[in-house]
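> Need a 3D model of the sequence below.
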Amino acid sequence: MDTQTLKKQLKQLMVENLMLQTTADEIGDDQPLFGPDSLGLDSVDALQLVVMLDKHFGLKIADPETARKVLQNINTMTDAILRAQP
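Next up, the predicted model:
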């Protein structure tokens, strides 16, 4: 799977799973997901993202430190997924 396709799929899954009031096309690849000037996600969303990444991409996130790194934005999630692929 190429990077652009993966990013599109991630955004679509996020919009559906987190019931975001935005479209997949409006989410920037490097837009922060949490904190100021972000998509405004919270800790419940973070948990759903971890489950979503595991279910759809087999990406296991073992601890909060890893989650913080991986769940920064679309780019960081894409990198983590691609690194985890066999």
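> Looking at the nearest residue to L39 once chain neighbours are set aside now. What's its pLDDT?
Leaving aside its sequence neighbours, L39 sits nearest to L33 (CB to CB, 6 or more residues apart in numbering; 5.1 Å). (Glycine included, C-beta is placed from N, CA and C.) L33 carries a pLDDT value of 97.
> What are the neighbouring residues in contact with L33?
39, 41, 45, 49, 71-73 (CB atoms under 8 Å, 6 or more residues apart in numbering).
> which residue packs closest to D42, ignoring adjacent ones?
F34 (7.6 Å).
> right, and that neighbour touches A46 too?
Yes - applying CB atoms under 8 Å as the test, F34 and A46 come out as touching, 7.2 Å apart.
> shared neighbours of the two, anything?
By CB under 8 Å, 6+ apart, the residues touching both F34 and A46 are L71.
> What count of nearby residues applies to L13?
17 (other CB atoms under 10 Å).
> okay, it: pLDDT?
Looking at L13, the pLDDT reads 98.
> Surely it touches H56?
Yes - with contact defined as CB under 8 Å, L13 reaches H56; the gap is 6.2 Å.
> about what we covered before: top of the contacts of L33 by neighbour count?
Ranking those using other CB under 10 Å puts L49 first, with 22 neighbours.
> what's the closest non-adjacent residue to that one?
Distances taken as CB to CB, 6+ apart place L71 nearest to L49, at 5.6 Å, with adjacent residues excluded.
> what's near enough to touch the one you found?
Counting by CB under 8 Å, 6+ apart, L71 has contacts 33-34, 46, 49-50, 61, 77.
> now Q72
Neighbours of Q72 in contact, by CB under 8 Å, 6+ apart: 32-34.
> for this protein, what spans make up the helices?
Using DSSP state H, the helices of the chain run over 3-17, 43-57, 64-70, 74-84.
> Any idea which of those gets closest to I27?
The closest of the helices of the chain to I27 is helix 3-17. By CB to CB, the value is 4.8 Å.
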